[in-house]
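K.L.:
Return a 3D structure for these sequence lines:
(one chain, ligands or ions: 2)
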Amino acid sequence: MVKICCIGAGYVGGPTMAVIALKCPLIEVAVVDISVSRITAWNSDQLPIYEPGLDDVVKSCRGKNLFFSTDVEKHVAEADIIFVSVNTPTKTRGLGAGKAADLTYWESAARMIADVSKSDKIVVEKSTVPVKTAEAIEKILTHNSKGIKYQILSNPEFLAEGTAIEDLFGPDRVLIGGRETPEGQKAIQMLKDVYAHWVPEERIICTNLWSAELSKLAANAFLAQRISSVNAMSALCEATGADVAEVSHAVGKDTRIGPKFLNASVGFGGSCFQKDILNLVYICECNGLPEVANYWKQVIKVNDYQKSRFVNRIVTSMFNTVSGKKIAIFGFAFKKDTGDTRETPAIDVCKGLLGDKARLSIYDPQVTEDQIQRDLSMNKFDWDHPVHLQPMSPSSVKQVRVEWDAYAAAKGAHGLCILTEWDEFKKLDYQKIYDKMMKPALVFDGRNVVKAEELREIGFIVYSIGRPLDP
Ligand SMILES: NC(=O)C1=CN([C@@H]2O[C@H](COP(=O)(O)OP(=O)(O)OC[C@H]3O[C@@H](n4cnc5c(N)ncnc54)[C@H](O)[C@@H]3O)[C@@H](O)[C@H]2O)C=CC1
Ligand SMILES: O=C(O)[C@H]1O[C@H](OP(=O)(O)OP(=O)(O)OC[C@H]2O[C@@H](n3ccc(=O)[nH]c3=O)[C@H](O)[C@@H]2O)[C@H](O)[C@@H](O)[C@@H]1O
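P.N.:
Ligands and ions are numbered 1, 2, ... in the order given. Take a look at the predicted model:
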């Protein structure tokens, strides 16, 4: 029986391994982590991450061929294939600070693999890493290797949160990069055989190591670039009276462009787009390509501009000050159907409003009060470390209240901001909300989820991203 071990039981390690276990009943899969609380949660009824469909997959194979454990060394020693899916945060200090990927967790995982292994291993990069990382990992593994042979593969993950199970069941493609030697090709084939249990052969792409590593950074950069492009257009739409939804629709109808990922928003968030582009920018700079670096940097600049433009719109619409005013925030997660708040645009918008002394009343169906308070008091980039190594928040932010109901959050508010596109925000009774708000009652829809005309009929003043402004 083939044994797989995955180091890192996070948003990627947990769901990907659960799906491999489900689709390959004859493979034993162990997911290990240094975080005791994460592993305890994976072994409980309350999984550590919210992801539609994940519970059913985990329940059907946990304890049979899927195991979650903190006994990292034992499972690594026993495995034939080791996936490494640990954090690769942005460096906050030293060379490349603010851009380069911090490979501390990866390196410590690689050193541990080298220490405990007693048989040949295939080591798979599942984390998103800078191109050429495999070369460094190979050096760590083979140095002092006691005769053990390692093959490094790059198998980046393309799942999106909120649709992770769907994406894993039917991926657009699975990408496997390896050495062009007979041993490298054999390792590629072995991993291909795992995916071939459910992924059609033509969707499994095999490349050299560097192409696979770089393709992951490139894919995220292209996706984020589309959002920044449409968000840049949204500013022009507001200035001219065009409607960004109509523009996106018209542009996306061109089959060469396509309709997906053209939704204007308050800005993209999530744990990867910004981190991976910064990493790409750094790699370009290191390779003497400042023009290429500047091109990609602009995607992040436009994203930052979109968030601050949104805050400015709120403040100017509320007579140039939000000091002491209550603003209801609907949605804190970086997108719907996840409780994940990593790099959510809500953090920057809330911090911007708090900077202008607003009082915030926040409601999100999946994010806890503790998480919101931590996010609003944490330094940039500190979130991307194992939970038990994150700095504790010094104190909670006093001007912030977290409510467990949208109506309670909006009660007595001067303004209401929608920052996540949760479906339930489309179905709220906005007349009831209007009746309980201060007047004039303003709505700032950062996700274009409400029907602006209907809200205007109720009496709201409505601002939607990239849409004609309320006269
Ligand atoms: N979140 C996402 O949707 C996607 C993330 N990725 C990439 O996958 C990687 C992991 O991301 P997430 O799963 O979101 O992160 P995460 O923070 O949810 O999980 C990483 C886990 O690794 C554990 N860990 C760190 N060092 C360890 C070590 N030495 N030994 C054992 N466990 C260790 C941490 O405790 C944590 O539970 C990152 O490189 C990310 O860029 C790629 C595609 C999608
Ligand atoms: O490497 C990763 O971590 C993953 O990053 C993204 O997945 P994810 O961040 O989970 O979610 P997305 O659906 O891509 O959304 C990212 C952000 O962009 C925003 N977005 C997305 C699409 C759009 O049209 N407009 C828009 O503002 C979302 O609201 C969200 O804040 C990619 O879609 C995945 O393919 C990739 O594997």
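
K.L.:
ok, how many other residues are close to residue 454?
P.N.:
Residue 454 has 12 neighbouring residues, counting by other CB atoms under 10 Å. The C-beta positions use only the backbone N, C-alpha and C, and glycine is treated the same way.

K.L.:
Could you list the low-confidence segments of the stretch 101-250 of the chain?
P.N.:
145 (pLDDT under 70).

K.L.:
Ligand 1 contacts on that one?
P.N.:
105, 108, 109, 127, 128, 157, 159, 161 (CB under 6 Å from any ligand atom).

K.L.:
Take those residues and keep only those in helices.
P.N.:
105, 108, 109 (DSSP state H).

K.L.:
so which of the residues you listed is the most crowded?
P.N.:
residue 109 (25 neighbours).

K.L.:
how much space between that residue and ligand 2?
P.N.:
Going from residue 109 to ligand 2 by CB to the nearest ligand atom, to the nearest Å gives 19 Å.

K.L.:
Tell me how far that residue lies from residue 92.
P.N.:
20 Å (CB to CB, to the nearest Å).

K.L.:
Ok, residue 461 next?
P.N.:
Applying CB to CB to residue 461 and residue 92 gives a distance of 41 Å.

K.L.:
Between the two, which is the more surrounded one?
P.N.:
Just comparing residue 461 and residue 92: by other CB under 10 Å the higher neighbour count belongs to residue 461, 18 against 14.

K.L.:
Who are the contact partners of the residue nearest to that one when sequence neighbours are not counted?
P.N.:
Sequence neighbours aside, residue 442 is the residue nearest to residue 461 in space, at 4.8 Å (criterion: CB to CB, 6 or more residues apart in numbering). Counting by CB atoms under 8 Å, 6 or more residues apart in numbering, residue 442 makes contact with 314, 317, 318, 414, 415, 416, 460, 461, 462, 463.

K.L.:
Bridged to residue 442, which residues?
P.N.:
Beta-bridge partners recorded for residue 442 (DSSP bridges): residue 415, residue 461.

K.L.:
Next one, pLDDT for it please.
P.N.:
The per-residue pLDDT reported for residue 442 equals 98.

K.L.:
now it: how far from residue 413?
P.N.:
Distance from residue 442 to residue 413, by CB to CB: 9 Å.

K.L.:
can you check residue 287 too?
P.N.:
50 Å.

K.L.:
the strands in the chain, which residues?
P.N.:
3-7, 28-32, 66-69, 81-84, 121-125, 150-154, 174-178, 204-208, 326-330, 359-363, 400-402, 415-418, 442-445, 461-464 (DSSP state E).

K.L.:
Given the second one, what are its sheet partners and their directions?
P.N.:
Each strand that strand 28-32 pairs with, and the sense of that pairing, follows from DSSP bridges: strand 3-7 (parallel), strand 66-69 (parallel).

K.L.:
Wondering if stretch 320-337 reaches ligand 1 at all.
P.N.:
No. For stretch 320-337, no contact with ligand 1 is found by CB under 6 Å from any ligand atom; the gap never falls below 10.1 Å.

K.L.:
That stretch - what's its average pLDDT?
P.N.:
The model assigns stretch 320-337 a mean pLDDT of 97.

K.L.:
Make 38 the starting number, not 1.
P.N.:
OK, 38 is where the count begins now, so the last one is stretch 357-374.

K.L.:
Check the separation of the first and last residues in that stretch.
P.N.:
With CA to CA, to the nearest Å as the measure, stretch 357-374 spans 34 Å from end to end.

K.L.:
Is any residue of it near ligand 2?
P.N.:
Yes. Residues of stretch 357-374 are located near ligand 2 by CB under 6 Å from any ligand atom, namely 371, 372.
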